[in-house]
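**Student:** coordinates for the following, if possible.
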Amino acid sequence: MNLVKYLVPLWVGIVIYTLFSLLKGPISASSYTQLQAEQEKLQANMEALKLINKELEITKDALMYDKDAIAVYARDLGYRSSRERFVRIVGFEGTKKQRIEPGQLVTAVEPEYITDNAIKICAFCIAIGAFLCILIPDILQRRANQQKKRKPRNGYTRYREEPRKAAS
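**Tutor:** Okay, here's the model as predicted:
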């Protein structure tokens, strides 16, 4: 029974390590949910980039095969044909055609977690604390038992002096 009592801190350390690893470790449930959120954000960005790509493909095809689209695009850039005249109004930008945005740079953020070494150190310290909580009362109990054995009984000490004999 005495040996089992001293194995309890070992099991406490193992349980603490397991719980911390499952809850806040590098491969924990919270890290997994954070990574899932990042994956959803990146997938949404990929969908937006696919829409932009589709619009750019349509614009490219129009510019390659449609002369009217080329003329409109050239006018938007400020070019004119030989038979056209421009009237420019200074200070008025007009309604410039909105160009397609190239998309946004989205980077995945590393999930927040407690490192495995920190979890091991924490579990070890808790196990040592549990061991001391079991060991210190045992040491105090042993000292108390030893002091009870040393206390004098009926006024006599364990080591009493022999009466001196009179010199003959």
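**Student:** drop to CA atoms for contacts and neighbour counts, all remaining ones
**Tutor:** OK.
**Student:** show me the helices in this protein, by range?
**Tutor:** Counting by DSSP state H, the chain has helices at residues 2-24, 29-65, 67-77, 116-150.
**Student:** and the angle from the second one to helix 67-77?
**Tutor:** Following axes from the mean of the first three to the mean of the last three CA atoms, to 10 degrees, one obtains 110 degrees for the angle between helix 29-65 and helix 67-77.
**Student:** follow-up on the earlier one: between the helices of the chain, which gets nearest to residue 83?
**Tutor:** Checking the helices of the chain against residue 83 by CA to CA gives helix 67-77 as the closest, at 12.8 Å.
**Student:** grab the nearest non-local neighbour of residue 14.
**Tutor:** residue 123 (7.1 Å; CA to CA, 6 or more residues apart in numbering).
**Student:** tell me, how many residues neighbour that neighbour?
**Tutor:** Residues within reach of residue 123, counting by other CA atoms under 10 Å, total 23.
**Student:** still on that earlier bit, need the helices of the chain in a markdown table (columns: distance to residue 104).
**Tutor:** Compiled in a markdown table, those are given as follows (distance: least, CA to CA, whole Å):
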| stretch | distance to residue 104 |
| --- | --- |
| helix 2-24 | 31 |
| helix 29-65 | 8 |
| helix 67-77 | 24 |
| helix 116-150 | 34 |
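**Student:** now do the same for the residue nearest to residue 14: its pLDDT.
**Tutor:** Residue 123 is assigned a pLDDT of 94 by the prediction.
**Student:** residues contacting it?
**Tutor:** By CA atoms under 8 Å, 6 or more residues apart in numbering, the contact set of residue 123 is 13-14, 16-17.
**Student:** hmm, back to that, looking at the helices of the chain, which is nearest to residue 101?
**Tutor:** Comparing those by CA to CA, helix 29-65 comes nearest, at 7.6 Å.
**Student:** packing partners of that closest one?
**Tutor:** helix 2-24, helix 67-77 (3 or more CA pairs under 8 Å, 6 or more residues apart in numbering; DSSP states H and E).
**Student:** now do the longest one: distance to the chain's middle.
**Tutor:** It stands for helix 2-24. Put simply, helix 2-24 sits 22 Å off its chain's centre (CA atoms, centre = their mean, to the nearest Å).
**Student:** picking up where we left off before, and of the helices of the chain, who's closest to residue 106?
**Tutor:** Nearest to residue 106, of all these, is helix 29-65, at 6.8 Å by CA to CA.
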